[in-house]
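Trainee: Provided below for reference: sequence and predicted model.
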Amino acid sequence: MTEKVSGGVKPVVVRGVAIGGGMPKIVVPLTGASAAELRAQVGALPRACVDIVEWRADFFRALADTASVVACGRALADQLAGTPVLFTCRTAAEGGQAAIGDEAYGDLNVAVAQSGTADLIDVEYERRAAVVGRVIGAAHASGVRVIASNHDFAGTPARDEIVARLVAMQWLGADICKIATMPHSPADVLTLLGATRVMAGEHADRPLITMAMGALGVVSRMSGETFGSAATFGMAGTPSAPGQIPAEDLRAVLTVLHRALSG
């Protein structure tokens, strides 16, 4: 792939999906608590509107049983038949369901990376540095791409702080850097979008994913191509975070904006 995003950043290509090239890619989460629920959710996906499927494993009842997680991940990959899979165990500290210590968090993500059942793994960059480094190293050794992430449900940091967090994720060696913030005013949304523009244009050497959560932040989920965010999250049934909209609606808006920007 030779297509580049702002700042000369090459897309991260996973199973033919270029994250960072052209229109932002749509990621749709699965939140089933069991293998049967997950199978049903996959069956109901609007495939034409989904670029990447995120398995939010923190909703999975058998999360403590690594063998069950790996087996379920393998079944999901088979059912999705080539659609890229992002494995995410979102912890309670960042708005998720998993109450899990750093070492167990690292062990789980390493096991999934080494199993070959996921194409990408989300790693919360504020976990203990040695654990984050271990997961990133294991993922890369297994050919799995890493999204370093940070979720601020308390509010929206200052623009320079958002940029600093994204830069720190680059230093860790993640393939894609992601941040989500909670706006309390339209000005907060503009702060997030401004930070995205600065990061993409002045600092980034890899794709970014940024969003403001909640109803105020919906516009940020649609405008990534303008400001420099390479992917966005939409829902198919049950949202995994505040402000997600149906994937079909998201695809329609992204298409309109892409056509306008393509001239």
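Mentor: On my side now, so go ahead. This structure is a prediction, so every number in the text was calculated from the model and none was measured.

Trainee: quick one: the helices in this structure?
Mentor: Applying DSSP state H to the chain gives helices spanning 35-43, 66-80, 102-115, 129-141, 159-172, 186-198, 218-222, 224-227, 247-262.

Trainee: same for the first one, what does it pack against?
Mentor: In this case it means helix 35-43. strand 25-30, helix 66-80 (3 or more C-beta pairs under 8 Å, 6 or more residues apart in numbering; DSSP states H and E). C-betas here are computed from N, CA, C, even on glycine.

Trainee: show me the contact partners of that helix.
Mentor: Identification of contacts with helix 35-43 by C-beta atoms under 8 Å, 6 or more residues apart in numbering yields 30-32, 53, 55, 60, 72, 75-76, 79-80, 236-237.

Trainee: run the chain-centre distance for it.
Mentor: 20 Å (C-alpha atoms, centre = their mean, to the nearest Å).

Trainee: quick one: that helix to helix 66-80, angle?
Mentor: Per axes from the mean of the first three to the mean of the last three C-alpha atoms, to 10 degrees, the angle that helix 35-43 makes with helix 66-80 is 30 degrees.

Trainee: where does the stretch 101-250 of the chain dip in pLDDT?
Mentor: Applying pLDDT under 70 to the stretch 101-250 of the chain picks out residues 238-243.

Trainee: out of the helices of the chain, which comes closest to Ala92?
Mentor: Minimum separation from Ala92 across those (C-beta to C-beta) falls at helix 102-115, 11.2 Å.

Trainee: from Ala48, how far out is Ser149?
Mentor: 27 Å (C-beta to C-beta, to the nearest Å).

Trainee: if we can go back for a sec, switch the helices and strands packed on helix 35-43 over to JSON lines; also include distance to Arg259, mean neighbour count and mean pLDDT.
Mentor: JSON lines is the format used below for those (distance: least, C-beta to C-beta, whole Å; neighbours: other C-beta atoms under 10 Å; pLDDT from 0 to 100):
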{"stretch": "strand 25-30", "distance to Arg259": "16", "mean neighbour count": "25", "mean pLDDT": "96"}
{"stretch": "helix 66-80", "distance to Arg259": "28", "mean neighbour count": "17", "mean pLDDT": "97"}
